[in-house]
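Student: For reference, the sequence and a predicted model appear below.
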Amino acid sequence: MSRIFVTGMGVISAIGNAVAENQHALKAGVCGVHKTLDLFPTKYAGILPFGQVKLSTGDLLKKLQVTEPGVTRTTLLAMHAFNEAVADSGLSAAALQSLDTALIGANTVGGMCLTDELFNDANGRSEGSDYLNSYDSSSICMYLQKHFKMNGIIDSINTACSSSANAIMYGAMLINNGFAKRAIVGGTDSLAKFTINGFNALHILAPGNCTPFDKNRQGLNLGEGAAFLILENEAGAAGKHIYAELTGYCNANDAFHPSSLSDEGDGPFLAMKGALDAAKLKPGDIDFINAHGTGTENNDEVESRAMIRLFDKPPAFASTKANTGHTLGASGAIEAVYSILSLVHQEVYRNLHFTEAIPVTGLIPVPAYKKTPIQHVMSNSFGFGGNCSSLVFSKV
């Protein structure tokens, strides 16, 4: 198997429009989740908090020079992060168009952020809608492929909140099996009425800022954003700036419930253990865990139980969803970038809004930003349907 290195990163979230901005915000403990939502009309604006990216859709269209009709905010966020990652890695147009370059993207919303517009067109126009072709999950990668004239393997993954962690894994597998020399991997999701109403129906949206791993947690905050990483094999990464090595990854499923994890945390436990085994590491080798940490009653207790089960005494851990909101299909890639930033800067970021431990587990997440030696970081992403994924990044 080839060693796989990260040679480029790009990210946009509620706390920053670039990797450096996100790192500075994490270090300062910035919360980008507020009761402000002006992307579309909704009765929840001003009532529930959301992690909205500061750039408007108009700003993104202008910045990215996109003029085609029907391009969604989901795609625009993806393109913004994609551009930063490609430039950061120094990939040329020829490299992008090479058969050896794969593109694996992930999302849950796709073009559903424009469901109302599509519905209105379907009822008011006989010639179809500009939003029809951009409605499904694959439309984002298809747009990027067409825009950059890419010719390698392209795929889209939708496994709920583990989507972009699985995209990273799949890209690594393509490299390891000789189907690509490099893979551009990541995910994107925008805020949308579809997801706000859906999560509200599940009664898991917090009325205030989410409090991951806290006894009094009341649910999650929805956010939006995108992140992409450039994965390259050892030969392709030679002579380039390397952020980290992807040393382990695993996907597991406890097949317990459509929207909940089993009380024992079988899926999270197996995903974390499998990632450790793939990396040939022991539990004690992990210095920090970027936890899934949604702030929901089920997830945080189950993830805590799984960490105790695997690590006995869990290492330092925290959730950055209190900073950005839960970005759904983008969260695995955004938090992979954050995990790598911890490695690069040898620092861990605090778990915002925490006050009191969950009684049955007693685990306390990182209470304050600190500099500390870090060699190996684990990033957890657990999705609906029990789809659980863990990644291990290591310092080079």
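Tutor: Happy to help now that I have it.

Student: gap between Ala252 and Gly128?
Tutor: For Ala252, the distance to Gly128 equals 42 Å [CB to CB, to the nearest Å]. All C-beta spots, glycine's among them, are computed from the backbone N, C-alpha and C.

Student: what do you get for His203?
Tutor: Look at His203 and Gly128: by CB to CB, they are 37 Å apart.

Student: Between those two, tell me which one has more neighbours.
Tutor: Gly128 (11 against 8; other CB atoms under 10 Å).

Student: Once you drop chain neighbours, what's closest to Thr372?
Tutor: In space, and not counting its chain neighbours, Thr372 is closest to Val348: 6.0 Å by CB to CB, 6 or more residues apart in numbering.

Student: pretty sure the one you found is touching Ser342, no?
Tutor: Yes - between Val348 and Ser342 there is a contact under CB atoms under 8 Å: 5.7 Å.

Student: Between the two, which contacts overlap?
Tutor: Phe288, Ile374 (CB atoms under 8 Å, 6 or more residues apart in numbering).

Student: quick one, what contacts the residue nearest the centre of the chain?
Tutor: Central residue of the chain (CA atoms, centre = their mean): Ser331, 2.1 Å from the mean position. Each residue near Ser331 by CB under 8 Å, 6+ apart is listed here: Cys161, Ser164, Gly187, Lys321, Ser381.

Student: From those residues, which land in strands?
Tutor: Gly187, Ser381 (DSSP state E).

Student: Give me the phi and psi angles of the residue nearest to the centre of the chain.
Tutor: Per-residue torsions, Ser331: phi -60, psi -40 (degrees, to the nearest 10).

Student: Looks like Ser137 contacts Asn158 (just checking).
Tutor: Yes - between Ser137 and Asn158 a contact is recorded at 4.8 Å, counting by CB under 8 Å.

Student: Return every residue with contacts to both of those two.
Tutor: Listed as contacting both Ser137 and Asn158 by CB under 8 Å, 6+ apart are Asn107, Thr108, Gly110.

Student: Please enumerate the helices of the stretch 51-200 of the chain.
Tutor: According to DSSP state H, counting those that start in this stretch, the stretch 51-200 of the chain carries its helices in the segments 57-64, 73-89, 93-96, 115-124, 139-147, 163-176, 193-201.

Student: Using PDB, list the CA coordinates for the fifth one.
Tutor: In other words, helix 139-147. Provided in PDB are the C-alpha atoms of helix 139-147 (Å, rounded to 0.1, in the frame of the first residue of the first chain):
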ATOM      1  CA  SER A 139     -24.600  17.700  -9.500                       C
ATOM      2  CA  ILE A 140     -21.800  19.300  -7.500                       C
ATOM      3  CA  CYS A 141     -19.000  17.000  -8.700                       C
ATOM      4  CA  MET A 142     -20.400  17.000 -12.200                       C
ATOM      5  CA  TYR A 143     -20.200  20.800 -12.300                       C
ATOM      6  CA  LEU A 144     -16.600  20.800 -11.000                       C
ATOM      7  CA  GLN A 145     -15.700  18.100 -13.500                       C
ATOM      8  CA  LYS A 146     -17.100  20.000 -16.400                       C
ATOM      9  CA  HIS A 147     -15.700  23.400 -15.200                       C
END
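
Student: That'll do, ta.
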